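J.: When you get a sec, could you give me coordinates for this:
(one chain, ligands or ions: 1)
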Amino acid sequence: MFDSLSDRLGGVFAALRGRGALNEADVRAAMREVRIALLEADVALPVVRSFVDSVTEKAVGQNVLRSITPGQQVVKIVNDALVDMLGSDTADLELDVTPPAIIMMVGLQGSGKTTTTAKIAKRLTEKDRKKVLMASLDVNRPAAQEQLAVLGSQINVATLPVVAGQQPVEIARRALNAARLQGYDVLMLDTAGRLHVDQALMDEMRAVSDVSSPAETLLVVDALTGQDAVNVAKSFTDQVSLTGVILTRMDGDARGGAALSMRAVTGKPIKFVGTGEKLDGLELFHPSRVAGRILG
Ligand code: GDP
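T.: Below you'll find the model as predicted:
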């Protein structure tokens, strides 16, 4: 397993106990350990660099509090900066629009997009008493539309009937009409994923966004995305205007560094984390918990 950042810094600062202020050489030595801790937690390298630079600037010259060691002081500064960057509070969905509110789900194939669509539908139905319709726009992956229908029947949420041969934009239009006519509060659009970001995927996603004007456009990413997180986040933010991010598979041993990468690149809040394969495995994102997990 990994050493915690406190343990690492304990070593760096062992000789310095009791000094008045953090000097630049000490802080740089500490930041080497911070950098390793962040990389081990799967934060993408460019994000690690800019984070470490900004924290170094903040830390140099700070007085060490009487009650703690220099190592603990640096951990506190790093932790506070992480929480700050991850967003200081939880962020729920914002669906305060004339119904039906559209939620468009985007992401790479295998990220957990379809499962998360059903998880959110379940939450909205049970917790917020919303009438929800789900529609799968994934015409590439065989059985994707059926997968959503099966999940819908497990949680008693309606899915748009499948019409063979329809293209995503047509399906989105049909879903929108159905949601309006049948008085749904929320329409969830599960867009197609691909194994890699490609232009066809992006064009299709933009076209769907244009016809549906979503209240929420949520990027679903696997918490183990690691160094690729920056590319994934950039590609999607460049093409559609995201309103939030969801990190899946936080029930596994991911350290959650992708959260920091996603937040840094998209500038959008992380709204939920996926915590299991079951449809109740969805929680609001708590910045301070994830900061703790990143630091180990
Ligand atoms: P999609 O291709 O992005 O739509 O991905 P799916 O929703 O089909 O999910 C792919 C796999 O990941 C499925 O086996 C899901 O059960 C699983 N999965 C999704 N979210 C989570 C999660 O938060 N935790 C765990 N452990 N598994 C998840």
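J.: Just the pLDDT at the one residue in the chain that gets nearest to the ligand, thanks.
T.: The nearest approach of the chain to the ligand comes at Gly274, 2.5 Å away (CB to the nearest ligand atom). Yep, even glycine has a C-beta here, placed from its N, CA and C like the rest. You'll see Gly274 listed with a pLDDT of 97.
J.: Let me know whether it touches Asp251 as I believe.
T.: Yes - with contact defined as CB atoms under 8 Å, Gly274 and Asp251 form a contacting pair (7.4 Å).
J.: if we can go back for a sec, distance-wise, check the residue of the chain closest to the ligand relative to Gly11.
T.: With distances taken as CB to CB, to the nearest Å, Gly274 is found 36 Å from Gly11.
J.: Between these two, which has more neighbouring residues?
T.: Gly274 (24 against 12; other CB atoms under 10 Å).
J.: who does the more buried one bridge with?
T.: Under DSSP bridges, the beta-bridge partners of Gly274 are Leu282.
J.: Contact partners for it?
T.: Residues near Gly274 by CB atoms under 8 Å, 6 or more residues apart in numbering: Gly112, Thr115, Thr116, Lys119, Ile246, Leu247, Thr248, Arg249, Met250, Asp251, Gly281, Leu282.
J.: try 7 Å this time
T.: Gly112, Thr116, Lys119, Ile246, Leu247, Thr248, Arg249, Met250, Gly281, Leu282 (CB atoms under 7 Å, 6 or more residues apart in numbering).
J.: ditto for Asp92
T.: Lys271, Leu284.
J.: which SS state does it fall under?
T.: Taken by DSSP: H, G, I helix; E, B strand; the rest coil, the conformation at Asp92 corresponds to coil.
J.: Kindly state the pLDDT recorded for it?
T.: 94.
J.: Ala15 too?
T.: Reported pLDDT for Ala15: 60.
J.: Ok, the one 10 residues further on next?
T.: According to the model's per-residue confidence, Ala25 sits at a pLDDT of 86.
J.: would you list every one of the helices in the chain?
T.: Under the criterion DSSP state H, helices of the chain are mapped to 5-13, 24-40, 45-59, 70-86, 113-126, 144-155, 168-181, 199-212, 229-239, 257-266, 287-295.
J.: Name the residues of the stretch 51-200 of the chain found near the ligand, please.
T.: Gly107, Gln109, Gly110, Ser111, Gly112, Lys113, Thr114, Thr115, Gly193 (CB under 6 Å from any ligand atom).
J.: Narrow the residues you listed to those that are buried.
T.: Gly107, Gln109, Ser111, Gly112, Lys113, Thr114, Thr115, Gly193 (16 or more other CB atoms under 10 Å).
J.: Those residues into CSV, with extra columns for pLDDT?
T.: Formatted as CSV, those follow (pLDDT from 0 to 100):
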residue, pLDDT
Gly107, 94
Gln109, 91
Ser111, 94
Gly112, 96
Lys113, 97
Thr114, 97
Thr115, 98
Gly193, 87
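J.: Go through those and name the one nearest Ala135.
T.: Thr114 (11.6 Å; CB to CB).
J.: Now that the closest one has come up, it's in contact with Leu148, right?
T.: Yes - using CB atoms under 7 Å, Thr114 is in contact with Leu148, at 5.8 Å.
J.: on that earlier part again, would you mind finding the most buried of the helices of the chain?
T.: Among the helices of the chain, ranked by average contacts under mean count of other CB atoms under 10 Å, first place goes to helix 257-266 (a mean of 26).
J.: where does Asp3 land on pLDDT?
T.: 71.
J.: Against Pro99, how distant is it?
T.: For Asp3, the distance to Pro99 - CB to CB - is 51 Å.
J.: related to what we said a few turns ago, shared neighbours, Gly274 and Asp251?
T.: Common contact partners of Gly274 and Asp251 (CB under 7 Å, 6+ apart): Gly281.
J.: give me the low-pLDDT residue ranges for the protein?
T.: Counting by pLDDT under 70, the chain shows low-confidence ranges at 1-2, 14-19.
J.: Please name the residues that touch the spatially closest residue to Ser241 that is not a sequence neighbour.
T.: Of all residues not flanking Ser241 in the chain, Thr217 sits nearest, at 6.5 Å (CB to CB, 6 or more residues apart in numbering). Applying CB under 7 Å, 6+ apart, we find Thr217 in contact with Met104, Val106, Ser209, Val240, Ser241, Leu242, Thr243.
J.: 10 Å - rerun?
T.: 102-106, 189, 191, 205, 208-209, 236, 240-244, 268 (CB atoms under 10 Å, 6 or more residues apart in numbering).
J.: With Arg180 instead?
T.: Pro99, Pro100, Leu187.
J.: Much appreciated, bye for now.
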